[in-house]
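K.L.:
just the structure for this:
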Amino acid sequence: MQLGYRIVRPGDVGTQPLKLAQISLWRAAAWGVSEGDQAVREAIEMAAACKALGIRTVFHPLEYPLTGEQATHTLGVMRRLAAASDLGLIVHDEGGAAGRRLSAAEADQYEKNLLALSGLCPVSVENAFNSGDAAWFWERFVVHAPKSVSITIDIGHLESADIDSISFMDTMPERLAERVSFVHMHHKAEERYGIKDHWPLVPGCREINALKALMQRKKGLQVILELDAAEEGMGQSIELLKVLQQT
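P.N.:
As a prediction, this is how the structure comes out:
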């Protein structure tokens with residue numbers, strides 16, 4: 001297991017003693033971080049700064065759909081990121097109207113654009129839109145795709161969707177488990193800012209036990225702590241996961 005952390009600001013680079021970082025950037029953000037083209041430029045600059053420090057990176061663009069009217073703009077941004085990428089891109093699953101699965105036309109568009117990106121750099125698909133339907137989504141878009149397409153399991157998203165993440169890891173079909181590349185780690189607790197996850201990990205939490213179960217099935221995982229790099233709980237969360245590295 002390789003352990004990494006999330007960075008969203010230039011000042012986050014190198015703040016943790018880890019050699020893996022996820023660079024998250026937003027198309028639109030209203031909470032004090034860069035957005036749009038400025039965020040893209042900063043992400044590319046942060047990747048270069050990380051490389052100079054010997055830190056491997058993966059880009060994680062948010063609110064950049066591969067379907068619908070925004071897809072053309074998304075592809076333009078993704079191509080810029082792919083050209084500067086190290087470990088590639090992490091993209092989200094998507095859905096159609098009223099929270100339903102993608103329509104046949106939307107699914108075809110998602111698949112076409114996902115495959116186009118995978119020809120430029122590695123791409124990993126994360127459960128974010130509907131974790132309860134994540135297995136179907138990965139079966140549809142990852143299992144039969146080239147090996148440059150992988151799975152990112154967000155364990156915090158499973159728990160916040162009231163899914164038993166430990167059982168999920170134990171019963172996940174092998175054809176999915178073998179495609180897992182990245183794991184997102186954060187803890188479900190009380191609600192804040194409209195969400196219940198993205199809290200620091202605590203000893204014995206379900207998220208850690210779920211990761212243990214996954215590690216029994218898949219080696220070489222790249223585990224990203226999706227917390228604010230400057231958050232006080234980052235240090236404790238890192239130490240909790242370092243224990244797993246030694247097992």
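K.L.:
identify the residues contacting G156.
P.N.:
H184, M185, H186, H187, K188, D197, H198, E207, E226 (C-beta atoms under 8 Å, 6 or more residues apart in numbering). Any C-beta I mention is one placed from the backbone N, CA and C, and that applies to glycine too.
K.L.:
A strand includes the first one, no?
P.N.:
Yes: using DSSP: H, G, I helix; E, B strand; the rest coil, the assignment for H184 is a strand.
K.L.:
mind listing the strands for the chain?
P.N.:
In the chain, the strands defined using DSSP state E lie at 2-7, 20-26, 56-62, 89-92, 123-126, 149-154, 180-185, 222-225.
K.L.:
which other helices and strands does the longest helix that the chain contains contact?
P.N.:
Identified as the longest helix of the chain according to DSSP state H is helix 36-52. With contacts taken as 3 or more C-beta pairs under 8 Å, 6 or more residues apart in numbering; DSSP states H and E, helix 36-52 sits against strand 20-26, strand 56-62, helix 71-83.
K.L.:
dump the ones you listed to a markdown table, plus distance to G235 and mean pLDDT.
P.N.:
Rendered in a markdown table, the data for the helices and strands packed on helix 36-52 read as follows (distance: least, C-beta to C-beta, whole Å; pLDDT from 0 to 100):
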| stretch | distance to G235 | mean pLDDT |
| --- | --- | --- |
| strand 20-26 | 16 | 98 |
| strand 56-62 | 21 | 98 |
| helix 71-83 | 29 | 98 |
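K.L.:
may I see the ones you listed arranged in CSV, with mean neighbour count as well?
P.N.:
Shown next, in CSV, are the helices and strands packed on helix 36-52 (neighbours: other C-beta atoms under 10 Å):
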stretch, mean neighbour count
strand 20-26, 24
strand 56-62, 23
helix 71-83, 17
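K.L.:
in a markdown table: the ones you listed, plus distance to A145.
P.N.:
Shown next, in a markdown table, are the helices and strands packed on helix 36-52 (distance: least, C-beta to C-beta, whole Å):
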| stretch | distance to A145 |
| --- | --- |
| strand 20-26 | 21 |
| strand 56-62 | 18 |
| helix 71-83 | 16 |
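K.L.:
which among these is found nearest to I166?
P.N.:
Closest to I166 of the helices and strands packed on helix 36-52 is strand 20-26 (C-beta to C-beta; 23.7 Å).
K.L.:
from the chain's centroid, how far away is the closest one?
P.N.:
9 Å (C-alpha atoms, centre = their mean, to the nearest Å).
K.L.:
angle of that strand against strand 56-62?
P.N.:
Interaxial angle, strand 20-26 versus strand 56-62 (axes from the mean of the first three to the mean of the last three C-alpha atoms, to 10 degrees): 20 degrees.
K.L.:
just for this protein, where's the confidence low?
P.N.:
Residue ranges of the chain with pLDDT under 70: 190-197.
K.L.:
M215 versus E126, what's the distance?
P.N.:
19 Å (C-beta to C-beta, to the nearest Å).
K.L.:
please identify which of those two sits among more neighbours.
P.N.:
Set E126 next to M215 and count neighbours by other C-beta atoms under 10 Å: E126 wins out with 22 against 18.
K.L.:
mind listing what's buried along the longest helix of the chain?
P.N.:
For helix 36-52, a neighbour-count test (16 or more other C-beta atoms under 10 Å) marks A39, V40, E42, A43, I44, M46, A47, A49, C50 as buried.
K.L.:
the closest residue to the first one other than its chain neighbours pairs with what?
P.N.:
Same thing as A39. Nearest residue to A39, sequence neighbours excluded (C-beta to C-beta, 6 or more residues apart in numbering): L25, at 4.1 Å. Beta bridges link L25 to P61, judged by DSSP bridges.
K.L.:
so H186 sits against L201, correct?
P.N.:
Yes: between H186 and L201 there is a contact at 7.3 Å, judged by C-beta atoms under 8 Å.
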